[in-house]
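A.B. asks: build me a structure from this.
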Amino acid sequence: MRNINKLFSSFFGVIFQRQTYLNLLYVIFTFPLGTAYFLFLTSGLLVGLSFSIIIIGLPVLLLVLVAWWELVNFERELATRLLGVDITPLSYEEKPLVNFWGDIKNRFADPTAWKGMMFLFIKFPFGIFTLIVLAICFTLTLGLIFAPFTTIYWSLGNSIILIDSLPGALLTASLGIIIAVCTLHIANTLAAISGSIAKIMLGKNDNSLHPETLDGQKSY
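C.D. replies: Now for the predicted structure:
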């Protein structure tokens, strides 16, 4: 009995956890953000590289570089604040600014910048995946929960299931609630995957830290 109660509280307890809804918010915005990043980076890089021969493309590439770095910082902050992931700050090892072009060169030479760009591109296909999963889950949840107020037809092969009675509708609504809770668990899993990827690709490796910066590094 104790194990059953523990399993029950573990399954339904996700409803009352604040982190669950922060994770869900992060996952919901994965697709629109990933799409925006993909369109901006691909169009910016294509235009910049295409017109770089006639100098016009260089300002475009410069704009993409600056925006790309800021987007990486934004994603790091998003993962830190919504998912609670501890990611090593990007700015602790910045080299002294000698001149503008020197700063640009330093940024291009930083592996974290390139990993960050990969993360921005990866967010697009992962966002499509999360959109499909959440769309299916939300559709099933809403359709089943509102069964008491509608008539539902289910087609299973050559058989048709008609739910038009109150007991059947209540049973179907209960199933919808269970699927809703499963959706929250799925969102937590997707958020955990996103957090792990963000920690790897949006932060600097520990072995790249200078000894004097290890003690002074802030924890987020």
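A.B. asks: now the spatially most central residue of the chain. Nearest residue, chain neighbours left out?
C.D. replies: Centroid check for the chain by Cα atoms, centre = their mean gives Thr30 as the closest residue, at 4.3 Å. Counting by Cβ to Cβ, 6 or more residues apart in numbering, Thr30 lies nearest to Gly127, which is 4.2 Å off, once chain neighbours are set aside. No exception for glycine: its C-beta is placed from N, CA and C like everyone else's.
A.B. asks: I figured that neighbour was touching Val27, is that so?
C.D. replies: No. Contact criterion Cβ atoms under 8 Å: Gly127 and Val27 do not qualify, at 9.1 Å.
A.B. asks: could you say which helix or strand holds Ile87?
C.D. replies: According to DSSP states H and E, Ile87 maps onto no helix or strand at all.
A.B. asks: which non-adjacent residue is nearest it?
C.D. replies: Using Cβ to Cβ, 6+ apart, the closest residue to Ile87 is Gly203 (4.1 Å).
A.B. asks: same question, Pro148
C.D. replies: Spatial nearest neighbour of Pro148, excluding adjacent residues (Cβ to Cβ, 6+ apart): Ala169 at 4.2 Å.
A.B. asks: and stretch 129-138, what's buried?
C.D. replies: For stretch 129-138, a neighbour-count test (16 or more other Cβ atoms under 10 Å) marks Thr130, Leu131, Val133, Leu134, Cys137 as buried.
A.B. asks: the helix or strand where the third one lies packs against which elements?
C.D. replies: Meaning Val133. According to DSSP H and E, Val133 maps onto helix 111-145. Contacts defined by 3 or more Cβ pairs under 8 Å, 6 or more residues apart in numbering; DSSP states H and E place helix 111-145 against helix 18-28, helix 30-50, helix 57-83, helix 166-201.
A.B. asks: Pro32 touches Gly127, doesn't it?
C.D. replies: Yes. The pair Pro32 and Gly127 qualifies as a contact (Cβ under 8 Å) at a distance of 7.5 Å.
A.B. asks: who's in contact with Val27?
C.D. replies: Thr130, Leu134, Ala187, Leu190, Ala191, Ser194 (Cβ atoms under 8 Å, 6 or more residues apart in numbering).
A.B. asks: if I look at the closest residue to Asn23 other than its chain neighbours, how far off is Thr80?
C.D. replies: Nearest residue to Asn23, sequence neighbours excluded (Cβ to Cβ, 6+ apart): Ala191, at 3.5 Å. From Ala191 across to Thr80, the span is 13 Å (Cβ to Cβ, to the nearest Å).
A.B. asks: quick one: which of those two has more around it?
C.D. replies: Each of Ala191 and Thr80 has its neighbours counted (other Cβ atoms under 10 Å); Ala191 has more, 25 against 19.
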